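[1] here are the coordinates; sequence isn't available:
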């Protein structure tokens, strides 16, 4: 804009300078012409020294705007007459002087001089006024140009920019997004095109986010499904049964299909199972739920784990599971003897460890995975557990957990860890395994679930002790209290224990009554563990060794058999072990029942 102003002003200035020079030239020419004319006109008055006439002429000349002073000098150069405003003279005046000649018949000669003092003030004022006018015109032109430019700029830049800003604001507030018409293909047009492209990309990104959110929701459902399908509390299951058990499942970032379960089939048999579906995601979680439900359903009334696995395999093969299969391990643990009967369908082989850290692998002939081929007959293997030994079941998510360098956690590391923690509880073992796997992964993405189950065949079980006076009512109440305290033991075994206690205790009571010794007392201790009950009875009555009592002849009719002896015979028949000893003044009976 300053350039336009200067250009316009420059043109006008050049024109005005030319006009100013022309005016000055005319002023000079006019003044010289007037000087010649007046010089000739004043020759005769000057000759006659008619000063009045000369003054009149000079006043007429001084009335001219350009002439400030008019003077006439004599022959000797003295000032004769002067007209005009002496104070009006300035620094810019122009002095014109000319000789006055007179010819009296003898030839022309100089008789004086005429002088005009001329000022170009009016010319300068006119020039200045015209220059100011030119500047005004230039400014007006610039203003018009600026207005036109602003109008054009608004149409070219302002309106599209307002639309762009409005669209950006609407997008920022989450309102409906709309594309902006690009218009010209200039820089602003490129910015608008970039914004439109960004909107399109944002819409694609948001659709992808919606899909991702939906998928994450499905994965969360799958994880919740996994965790809700497996048990997390085991105290009620194992209380008083001579075993301790713990299991845990940590789903990976992507849902898998691991599961485990533990439940009683009968009072003295515990079913444990663990499985891993081959696929990932919600379909795998659904197949996991189906498989776990089938295992528990077929376990009711099954003769052994092989029958369960065979039935589950046939059922899965009958359905459509998108080419997925399941690795499965099912075992029946006899809580009385500690024998594990198991079937392995393509799953990781379990480990067994003693308390002092000796680890061995459960050796058996593995069958194929379930859900791949129907009609397969699976085999069973029997493993005897000693008291204190622990069984560890796990999925390949444990041994195949990858570190940042891609190396697996491995079977050797698991065996070493199991040996190190074998003396601890099953819960401590599981937590140590998961902690070690997490340390091995060191923040790497987990690709598979971590699942493990540990069960220890314990040395002891439920125990109850009571010291009572030797009377029938108290003895009967003690039998009921024993049954309540050892309710976790098999009910048939508890009933046998009650019967043995009643028979031996009744003998003590009868001796107390016949000997009239009300101070006689009976001490009772019952201990259940490893599937058997050990009943210890002590009394301070007269010495009596039941082994010396002859066995009754059950072949005789009841009315012909001598009284007594039948109860002790029943005790010996029910017992797997019967021992008597006299320790000081105490009778000591130790009976083992299974």
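    Okay, I see it. Here the structure is a predicted model, which is why all the values come from computation and not from measurement. Numbers count the residues shown, from 1 in each chain.
[2] give me the number of residues near residue 401?
    25 (other CB atoms under 10 Å). The C-beta positions use only the backbone N, C-alpha and C, and glycine is treated the same way.
[3] state the number of residues packed around residue 317.
    Other residues close to residue 317 by other CB under 10 Å number 17.
[4] over to it. Which of the three states is it?
    Per DSSP: H, G, I helix; E, B strand; the rest coil, the secondary structure class of residue 317 is helix.
[5] what separation is there between it and residue 373?
    According to CB to CB, to the nearest Å, residue 317 and residue 373 sit 7 Å apart.
[6] equivalent analysis for residue 145, please.
    Distance from residue 145 to residue 373, by CB to CB: 90 Å.
[7] the longest helix along the chain: what's the following helix or strand?
    As assigned by DSSP state H, the longest helix anywhere in the chain is helix 187-229. Using DSSP states H and E, the next helix or strand after helix 187-229 towards the C-terminus is helix 235-238.
[8] identify the residues contacting that following helix?
    When contacts are defined by CB atoms under 8 Å, 6 or more residues apart in numbering, helix 235-238 is touched by residues 231, 244, 245, 262, 263, 264, 270.
[9] ok, now how distant is residue 35 from residue 397?
    Distance, residue 35 to residue 397, by CB to CB: 124 Å.
[10] can you pull out the helices in the stretch 301-450 of the chain?
    305-318, 396-399, 411-420, 426-441 (DSSP state H, counting those that start in this stretch).
[11] how about the contacts of helix 235-238 in JSON lines, adding pLDDT?
    As requested, the contacts of helix 235-238 are exported to JSON lines (pLDDT from 0 to 100):
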{"residue": "231", "pLDDT": "92"}
{"residue": "244", "pLDDT": "91"}
{"residue": "245", "pLDDT": "95"}
{"residue": "262", "pLDDT": "96"}
{"residue": "263", "pLDDT": "95"}
{"residue": "264", "pLDDT": "93"}
{"residue": "270", "pLDDT": "93"}
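[12] ok, of those residues, which come out buried?
    Buried subset of those (neighbour count, 16 or more other CB atoms under 10 Å): 244, 245, 262, 270.
[13] residue contacts, the closest residue to residue 343 other than its chain neighbours?
    Nearest residue to residue 343, sequence neighbours excluded (CB to CB, 6 or more residues apart in numbering): residue 305, at 4.1 Å. By CB under 8 Å, 6+ apart, residue 305 lies in contact with 271, 330, 331, 332, 341, 342, 343, 380.
[14] thought the first one was touching residue 331?
    Translated: residue 271. Yes: taking contacts as CB atoms under 8 Å, residue 271 lies within contact range of residue 331: 7.2 Å.
[15] so those two - more neighbours on which side?
    residue 331 (25 against 21).
[16] confidence score at the nearest residue to that one once chain neighbours are set aside?
    For residue 331, ignoring the flanking residues on the chain, the nearest one in space by CB to CB, 6+ apart is residue 342 at 3.7 Å. Model confidence at residue 342, expressed as pLDDT, equals 95.
[17] pretty sure residue 342 contacts residue 383?
    Yes: assessed by CB under 8 Å, residue 342 is found in contact with residue 383 at 6.8 Å.
[18] for residue 52, what are phi and psi?
    With angles defined as degrees, to the nearest 10, residue 52 sits at phi -60, psi -40.
[19] how far away is it from residue 347?
    Taking CB to CB, one finds residue 52 at 151 Å from residue 347.
[20] higher neighbour count, these two?
    Higher neighbour count among residue 52 and residue 347: residue 347, with 24 against 9, using other CB under 10 Å.
[21] which ones are touching that one?
    Residue 347 is in contact with 274, 275, 276, 327, 328, 329, 366, 395, counting by CB under 8 Å, 6+ apart.
[22] cool, residue 538 as well?
    Residue 538 neighbours (CB under 8 Å, 6+ apart): 522, 523, 586, 587, 588, 589.
[23] pLDDT weak spots in the stretch 351-500 of the chain?
    In the predicted model, the stretch 351-500 of the chain carries pLDDT under 70 at residues 459-462, 488.
[24] returning to that earlier point: who's more crowded, residue 35 and residue 397?
    residue 397 (24 against 19).
[25] my guess is the more buried one contacts residue 451, does it?
    Yes: judged on CB under 8 Å, residue 397 makes contact with residue 451 at a distance of 6.3 Å.
[26] spit out the residues that contact the two alike.
    258, 276.
[27] all strands for the stretch 301-450 of the chain, in order.
    Along the stretch 301-450 of the chain, counting by DSSP state E, counting those that start in this stretch, strands occupy 326-334, 339-345, 351-353, 359-361, 381-384, 390-394, 450-457.
[28] the last one pairs with which strands, parallel or anti?
    Meaning strand 450-457. strand 243-250 (antiparallel), strand 390-394 (antiparallel) (DSSP bridges).
[29] quick one: work out the angle between that strand and helix 411-420.
    Inter-element angle recorded for strand 450-457 and helix 411-420: 40 degrees (by axes from the mean of the first three to the mean of the last three CA atoms, to 10 degrees).
[30] kind regards, and thank you for your time.
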